[in-house]
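**Q** Fold the following, please.
(chains A and B)
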Number of protein chains: 2
Amino acid sequence: VPSRPIGIFDSGIGGLTVFREIARILPHEDLVYLGDTARVPYGTKSAATVRRYALQNLRLLMREEVKMAVIACNTASAFALSILRETFPIPVVGVIEPGCIGALRATRSRRIGIIGTEGTITSRAYERSLRDQSPDVFIATASCPLFVPLAEEGWWEGNIAEEIAHRYLRDLVAQEIDTLILGCTHYPLLKKTIAKIVGPEINLIDSAEETAGAVVTKLDRSALKHDPQKHPRRTFFVTDSPERFRKLGRMILQEELPDVHHVEI
Amino acid sequence: VPSRPIGIFDSGIGGLTVFREIARILPHEDLVYLGDTARVPYGTKSAATVRRYALQNLRLLMREEVKMAVIACNTASAFALSILRETFPIPVVGVIEPGCIGALRATRSRRIGIIGTEGTITSRAYERSLRDQSPDVFIATASCPLFVPLAEEGWWEGNIAEEIAHRYLRDLVAQEIDTLILGCTHYPLLKKTIAKIVGPEINLIDSAEETAGAVVTKLDRSALKHDPQKHPRRTFFVTDSPERFRKLGRMILQEELPDVHHVEI
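**A** Prediction:
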């Protein structure tokens, strides 16, 4: 049913960068976002635990009668995409595949870098997805544990952000990559700083943008696109207190989030 | 029963600074540490959630028959100390009161600064405890969200640590405090950097040291002190994978942690 909302979930607030891109290119769609802030982060949890959480999250969104689901979380995309697709009768989009397709489209030297949380990098999910599509690509990776707290602190640019980015990225740049996947939904917030550090020769692949593109394609193919003249509904659920989510959400979306509800899972 | 172990719990690994101090001044006591690494951090979670986690943690330590419990976590001390004392039949020591007593002993100007996570600072737990003992003291506070990931990254000294510390502490120093409470168990790891930034005129109150002192006092008063000739047992439980805990634990305790077990809560 095209008039139903798109459901988006993440372990916390990082997925709002994906929400933001979807809202930008699909301004008429109703969107429901679930941030599992009580159980954040997923990156350090086991595959079985993350799978269980993802199932619970999408079950909750199904109560909102969503027509499509977006896993706006790298860890959950890595571990739970197949089981969600098997379990629920709606299309499900993750963030990893779109990012990899974007990177393979952008690279000329076929030397690709990936940055992400410790969990994402250790899981090798991006590497696997890249090699599935292109077995001979060169891949270099780095985990950047301080980037998420830095992004949540709002220190997206300036001295401190640049020094931290330099420390994390210098070895990666030395490997002569020409494309860098921002493999964490928080990292688009640091994009200007990352771009400044790696220089203009390296293409930055923003998974949030790529994922929003994949959502549009999927809506078109499933004939689920909705384009009414009414003002779209934007609803947010969080499993922990709405306060902090509202504050960070305002910073990321550059607007007030009036409709944030606490929900128990 | 004096021969039983002392239980110590924290949301993750920060509490190892408290463990380290207790092990140093009570070298003959058996110690059991629980790091709730699957649900870290507590600092951004609501009071109700933190209380529930603290109850579950101490319940788990009770299975190890601990004679006393130490909440080596500021957020949990702020939100859960009273409920743990009401619920369990053993003495429970938090980290907040000892830090406040130490600060009031050290200050001459009666101008005290407090730094901690967002959760600790917002809870005003240190402020309340200071004012309970000394209503007219001047208090200035700052939350330092990047200090924990910085400490866990092992970047305890150097440029990045100093710039971040400067940014967080400059306003506090400008308020002419003469004593600064390190109100987070991770912060003793950054003590050298913090000391360098605030200068030698400001007394740093290390809650880990103060808490270890409070444990000794409490053991004496409850006639629970144990002083055998055998080698003490040091056991660690974590709710997530032991790998990362072992690595960070080695960095903090400066020795191998052979006895780390995974446990489900």
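
**Q** Quick check: the gap between the closest residue in space to A:Arg4 that isn't next to it in sequence and A:Glu21.
**A** The shortest distance from A:Arg4 to any non-neighbouring residue, by Cβ to Cβ, 6 or more residues apart in numbering or on different chains, is to A:Lys67 (4.1 Å). Where C-beta positions appear, they are placed from N, C-alpha and C, glycine not excepted. Using Cβ to Cβ, to the nearest Å, we find A:Lys67 at a distance of 18 Å from A:Glu21.

**Q** one step back: just give the number of residues close to the residue nearest to A:Arg4.
**A** 20 (other Cβ atoms under 10 Å in any protein chain shown).

**Q** before we move on, what about A:Pro27?
**A** Count around A:Pro27 with other Cβ under 10 Å applied: 10.

**Q** Name the SS class of it, please.
**A** coil (DSSP: H, G, I helix; E, B strand; the rest coil).

**Q** contacting residues around it?
**A** A:Pro232 (Cβ atoms under 8 Å, 6 or more residues apart in numbering or on different chains).

**Q** Next, give phi and psi for it.
**A** Recorded main-chain torsions at A:Pro27 are phi -70, psi -10, according to degrees, to the nearest 10.

**Q** and what of the one 10 residues further on?
**A** For A:Thr37, the backbone dihedrals are phi -70, psi -20 (criterion: degrees, to the nearest 10).

**Q** mind listing the helices in chain A by residue range?
**A** A:16-25, A:47-62, A:74-87, A:96-106, A:118-123, A:125-133, A:147-153, A:159-174, A:191-198, A:207-221, A:242-253 (DSSP state H).

**Q** okay, those in a markdown table with mean pLDDT and mean neighbour count next?
**A** Formatted as a markdown table, the helices of chain A follow (pLDDT from 0 to 100; neighbours: other Cβ atoms under 10 Å in any protein chain shown):
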| stretch | mean pLDDT | mean neighbour count |
| --- | --- | --- |
| helix A:16-25 | 97 | 22 |
| helix A:47-62 | 95 | 19 |
| helix A:74-87 | 95 | 21 |
| helix A:96-106 | 97 | 22 |
| helix A:118-123 | 88 | 19 |
| helix A:125-133 | 95 | 18 |
| helix A:147-153 | 95 | 23 |
| helix A:159-174 | 97 | 17 |
| helix A:191-198 | 98 | 19 |
| helix A:207-221 | 95 | 20 |
| helix A:242-253 | 93 | 18 |
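
**Q** Distance to chain B for those - can I get that in JSON lines?
**A** Output for the helices of chain A, formatted as JSON lines (distance: least, Cβ to the nearest Cβ, whole Å):
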{"stretch": "helix A:16-25", "distance to chain B": "15"}
{"stretch": "helix A:47-62", "distance to chain B": "7"}
{"stretch": "helix A:74-87", "distance to chain B": "13"}
{"stretch": "helix A:96-106", "distance to chain B": "22"}
{"stretch": "helix A:118-123", "distance to chain B": "8"}
{"stretch": "helix A:125-133", "distance to chain B": "17"}
{"stretch": "helix A:147-153", "distance to chain B": "5"}
{"stretch": "helix A:159-174", "distance to chain B": "5"}
{"stretch": "helix A:191-198", "distance to chain B": "14"}
{"stretch": "helix A:207-221", "distance to chain B": "22"}
{"stretch": "helix A:242-253", "distance to chain B": "6"}
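
**Q** Can you lay out those as a markdown table showing distance to B:Lys192?
**A** Formatted as a markdown table, these follow (distance: least, Cβ to Cβ, whole Å):
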| stretch | distance to B:Lys192 |
| --- | --- |
| helix A:16-25 | 36 |
| helix A:47-62 | 37 |
| helix A:74-87 | 34 |
| helix A:96-106 | 40 |
| helix A:118-123 | 26 |
| helix A:125-133 | 37 |
| helix A:147-153 | 21 |
| helix A:159-174 | 19 |
| helix A:191-198 | 27 |
| helix A:207-221 | 38 |
| helix A:242-253 | 31 |
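
**Q** ok, how many other residues are close to A:Pro258?
**A** A:Pro258, neighbours per other Cβ under 10 Å, totals 9.

**Q** sorry, back to before: give me the phi and psi for the residue nearest to A:Arg4.
**A** phi -90, psi -10.

**Q** ok, it - contacts?
**A** So A:Lys67 contacts A:1-2, A:4-6, A:90, A:224 (Cβ under 8 Å, 6+ apart).

**Q** Do you know the pLDDT at it?
**A** With respect to pLDDT, A:Lys67 has a value of 97.

**Q** isn't A:Ala76 right next to A:Ala47, touching?
**A** No. Look at A:Ala76 against A:Ala47 with Cβ atoms under 8 Å: they stay out of range, at 10.3 Å.

**Q** what do the two both touch?
**A** In contact with both A:Ala76 and A:Ala47: no residue, using Cβ under 8 Å, 6+ apart.

**Q** Does stretch A:258-265 reach chain B?
**A** No. Under the criterion of Cβ under 8 Å from any Cβ of the partner chain, stretch A:258-265 makes no contact with chain B; the nearest approach is 8.7 Å.

**Q** Quick one: end-to-end length of that stretch, please.
**A** By Cα to Cα, to the nearest Å, the extent of stretch A:258-265 from end to end equals 22 Å.

**Q** Sort out which residues of it are buried, please.
**A** For stretch A:258-265, a neighbour-count test (16 or more other Cβ atoms under 10 Å in any protein chain shown) marks A:260, A:263 as buried.

**Q** For it, which outside residues touch it?
**A** A:34, A:36, A:38-39, A:53, A:56-57, A:60, A:233-242, A:245-246, A:249.

**Q** Now flag whichever of the contacts of A:Lys67 is closest to A:Pro149.
**A** Using Cβ to Cβ, A:Ile6 comes nearest to A:Pro149 of the contacts of A:Lys67, at 28.9 Å.

**Q** so the closest one makes contact with A:Ala212?
**A** No. Using Cβ under 8 Å, A:Ile6 is not in contact with A:Ala212, being 10.5 Å away.

**Q** Give the residues shared as contacts by those two.
**A** By Cβ under 8 Å, 6+ apart, the residues touching both A:Ile6 and A:Ala212 are A:22, A:26.

**Q** how much space is there between the residue nearest to A:Arg4 and A:Asp30?
**A** Distance of A:Lys67 to A:Asp30, computed by Cβ to Cβ: 9 Å.
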